[in-house]
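Trainee: Have a look at this prediction, sequence included:
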Amino acid sequence: MAKFSANLGLLWRELALPDAIRAAARAGFDAVECHWPYDVPADDIHSALSKTGLVMLGLNTVRGRVDAGENGLAALPGREAEARAAIDQAIGYARAIGALNVHVMAGSASGGAALETFLSNLAYACAQAAPHGLTILIEPLNQNDWPGYFLRGTQQAADIIRSVGAPNLRLMFDCYHVQIIEGDLTRRLSALMPLIGHVQIAGVPDRGEPDRGEVSYRHIVDVLENLGYDRPIGAEYRPAGPTEESLGWMAGLR
């Protein structure tokens, strides 16, 4: 039976993060994940996780200058000190709450210097994370939602993972983004499964509930099960209304 993780960056956004964790547990999720939890004391998150029995699958490094439209730092030449401080912050917070993964956000950049910067910062992140059993994730984002984002496709991500060569660097395969970028989800999941650390779902093209739009997630769940993927699948979608009223998809996909 498929397992699911509530992405609390988009679900129960009206609640404080510890309350959102408790809401996810009541709704029957198997795990949770988040975006940028750093304004919340780690002890509060750890307590909510302990009491609900949920695990925090992952969190993101900070975006940088949000008011300037930044969406990550790790591929920005000249910003290495900030990028590594963000990596250290994310690893420290993940350790404090028992999270499993850290998504290192690349940011908007292009060209050879950006690639070299990203590779160097990822090597640093993997080295810092490895002693604590943490996995580093990278995620391609579609250019409609995030124009200029450095990581733009699964082949690029796979090449970067192989170039870094660290066993704890893996791909976050967000079906919503991958469908918009390049499609062919079934074959891409099959080919990339050895590199995949986490899978996320949402309706395409509006990032709504996973039971609407152009992707059959019943088929995707079956594909993942046939490939031996047994970890919780991240539900990272924007509910059309209250989150509790948007969860009908979950029973159908289990």
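Mentor: Sure, I can see it. Numbering: from 1, shown residues only.
Trainee: Could you list the buried residues of the helix or strand where A125 lies?
Mentor: A125 is part of helix 112-129 when elements are defined by DSSP states H and E. For helix 112-129, burial by neighbour count (16 or more other C-beta atoms under 10 Å) applies to 114-115, 117-118, 120-126, 128-129. Backbone N, C-alpha and C define where each C-beta goes, glycine included.
Trainee: Same check on stretch 39-58?
Mentor: 40, 42, 44-46, 48-49, 52, 54-58.
Trainee: Now flag whichever of those residues is closest to P232.
Mentor: Of all the buried residues of stretch 39-58, L57 has the smallest distance to P232: 6.5 Å, by C-beta to C-beta.
Trainee: Tell me which residues touch the closest one, please.
Mentor: S5, A31, V32, E33, A99, L100, N101, H198, R231, P232, G234 (C-beta atoms under 8 Å, 6 or more residues apart in numbering).
Trainee: Distance to S108 added to the residues you listed, as a markdown table?
Mentor: As requested, the contacts of L57 are exported to a markdown table (distance: C-beta to C-beta, whole Å):
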| residue | distance to S108 |
| --- | --- |
| S5 | 27 |
| A31 | 30 |
| V32 | 28 |
| E33 | 23 |
| A99 | 26 |
| L100 | 27 |
| N101 | 23 |
| H198 | 22 |
| R231 | 30 |
| P232 | 30 |
| G234 | 23 |
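Trainee: now that we have the residues you listed, which one has the most neighbours?
Mentor: V32 (31 neighbours; other C-beta atoms under 10 Å).
Trainee: Return the subset of the contacts of L57 lying in helices.
Mentor: If you go by DSSP state H, those have nothing in helices.
Trainee: Tell me the one among those nearest to N144.
Mentor: Nearest to N144, judged by C-beta to C-beta, of these is G234 at 20.1 Å.
Trainee: Pairing-wise in the sheet, spell out the partners of the closest one.
Mentor: Residues in a beta bridge with G234, per DSSP bridges, are S5, Q200.
Trainee: For the stretch 101-250 of the chain, which residues score under the pLDDT cut-off?
Mentor: Residues of the stretch 101-250 of the chain meeting the criterion pLDDT under 70: none.
Trainee: mind listing the strands in it by residue range?
Mentor: Secondary structure of the stretch 101-250 of the chain by DSSP state E, counting those that start in this stretch: the strands cover 101-103, 135-138, 169-174, 196-201, 233-235.
Trainee: okay, the ones you listed in TSV with distance to A83 next?
Mentor: Listed next are the strands of the stretch 101-250 of the chain as TSV, based on distance: least, C-beta to C-beta, whole Å:
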stretch	distance to A83
strand 101-103	13
strand 135-138	13
strand 169-174	15
strand 196-201	20
strand 233-235	24
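Trainee: quick one: buried residues of stretch 87-105?
Mentor: So for stretch 87-105, counting by 16+ other C-beta under 10 Å, buried means 87, 90-91, 93-94, 97, 99-105.
Trainee: whoops, I mixed them up, stretch 199-212
Mentor: Of the residues in stretch 199-212, V199, Q200, I201, A202, G203, V204, R207, G208, E209, P210, D211 count as buried by neighbour count, 16+ other C-beta under 10 Å.
Trainee: contacting residues around the first one?
Mentor: With contact taken as C-beta under 8 Å, 6+ apart, V199 is in contact with M172, F173, D174, C175, L189, L224, Y229, R231, I233, G234.
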